[in-house]
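Asker: following is a predicted model, sequence given first.
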Amino acid sequence: MTSIAFYNNKGGVGKTTSVINIAYQFAADKKVLVIDMDGQSNSSRFFVDEPKTGLEQALTRSVVMPDIALCPTRYPFIDIITATPALNDIVSIFYALSEATQRENTEKLLTFSEKYDYILIDLPPALNKITERIISACDYVFVPIELGSFAIQGISTVTGIIADCGAKFGGCFVNKFDRDNPSDIQLMEMLKSSLGTKALNSFLPFSRVIKNSVSYKLTAPEYMGWTFAAECVANLAKEIAEICDGV
C-alpha cells in the first residue's frame, strides 16, 4: 500500500481535480482509497451524494476508527473517507492532543485497511498541525501548481514544508498548462530549471474537457476519453505510479 498526498499552500491549483482523475486511472487495475481532508468536501461530493461525518472524530478520538466515514463510490475499485465542514472546527482540539496521540490518530488513517493498493489524500491549502501530521505520515507528497512567476518562486516554501515534515517530495506537476502560450512554455522551463527531475514531465492541460467533466461529476477520461486532456490524465497517473513504485 502506497499513500500519496496532494498538497499546495495555495488554493485553486487543481488538487481535487488531480486526485479525482488519478484515482480513476489507478482504479483500472488497483484498489484505491481517497481520503478527503478538506472541509470544503469537493472530493467527497464528487464521489458520493451525501458525505458522512466522522473523520473529525477519528482525528481527535483514539477509539474512533476512520471507517466511520468510509463510503463506497460508483466506481467498484474506489472507496472514499469523506469530509464535511465539521473538519474545519477541530484544529484547536487536535492541537491540544499529545504529539503521540496526534501521530496515532493520523497514522491510523493510512493503516486501518490493508486492502488498498493506493491511498490518495486531498489536503487543504491551510497549513496546520493536522496537515503537517498527514504529510509526515505519507509515503509521497506531490504538488500541483498553476504556472506563474510568483507560484514558481513559492515552490521553495512548499517543498520546505514537506521537508520539515520529514516527508518524501514526489515531485511537482503543472495544472492548466497552455501549450500554445509562449509564456507558459517559458514558465515551464523555469520550473524545470528550478526543480530539476522533481518537475514532472506530465501535466494537466488548460482544457474545457477537464473543467466541464467535473461539473457533470465525471472524470476527464469518462467525459471525453479520446481527447488530449484524457491522454494527459493517463500520462500523469502513469508517471506518478512509476515514481512511487521506483520504476
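Answerer: Received it, and whenever you're ready, just let me know what you need.
Asker: shouldn't E107 be within a strand?
Answerer: No: checked against DSSP: H, G, I helix; E, B strand; the rest coil, E107 lies outside a strand; its state is helix.
Asker: what score does it have for pLDDT?
Answerer: In this model, E107 is scored at 92, pLDDT.
Asker: what about the nearest residue to K176 once chain neighbours are set aside, how many neighbours?
Answerer: Using CB to CB, 6 or more residues apart in numbering and skipping the chain neighbours, the partner closest in space to K176 is F206 (4.5 Å). (Each C-beta comes from the backbone N, C-alpha and C, glycine too.) By other CB atoms under 10 Å, 19 other residues sit near F206.
Asker: three-state assignment of D79?
Answerer: Going by three-state DSSP: D79 is strand.
Asker: which positions within the helix or strand harbouring A237 qualify as buried?
Answerer: A237 belongs to helix 228-244 when assigned by DSSP states H and E. Within helix 228-244, the residues that count as buried by 16 or more other CB atoms under 10 Å are 229-230, 232-237, 239-241, 243-244.
Asker: and that helix, what does it pack onto?
Answerer: Judged by 3 or more CB pairs under 8 Å, 6 or more residues apart in numbering; DSSP states H and E, the packing partners of helix 228-244 are strand 2-6, helix 15-26, strand 140-146, strand 169-177, strand 199-205, helix 208-215, helix 220-223.
Asker: closest to Q102 out of the ones you listed?
Answerer: strand 2-6 (16.2 Å; CB to CB).
Asker: contact partners for L204?
Answerer: L204 makes contact with 14, 17-18, 21, 144, 173-177, 210, 229, 232-233, 236, according to CB atoms under 8 Å, 6 or more residues apart in numbering.
Asker: quick one: which of those is the most crowded by neighbours?
Answerer: Going by other CB under 10 Å, V233 tops the contacts of L204 with 29 neighbours.
Asker: quick check: A28 is in a strand.
Answerer: No: according to three-state DSSP, A28 belongs to no strand; its state is coil.
Asker: separation between it and P72?
Answerer: Distance of A28 to P72, given as CB to CB, to the nearest Å: 18 Å.
Asker: can you check E114 too?
Answerer: 18 Å.
Asker: same question for L218.
Answerer: From L218 to P72 the distance is 18 Å (CB to CB).
Asker: ok, V158 next?
Answerer: 33 Å.
Asker: the more surrounded of these two?
Answerer: Each of V158 and P72 has its neighbours counted (other CB under 10 Å); V158 has more, 20 against 11.
Asker: got a list of what that one touches?
Answerer: Contacts of V158 by CB under 8 Å, 6+ apart are Y7, N8, N9, V143.
Asker: dump those into JSON lines; add pLDDT and neighbour count as well.
Answerer: Formatted as JSON lines, the contacts of V158 follow (pLDDT from 0 to 100; neighbours: other CB atoms under 10 Å):
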{"residue": "Y7", "pLDDT": "95", "neighbour count": "27"}
{"residue": "N8", "pLDDT": "92", "neighbour count": "26"}
{"residue": "N9", "pLDDT": "86", "neighbour count": "16"}
{"residue": "V143", "pLDDT": "96", "neighbour count": "25"}
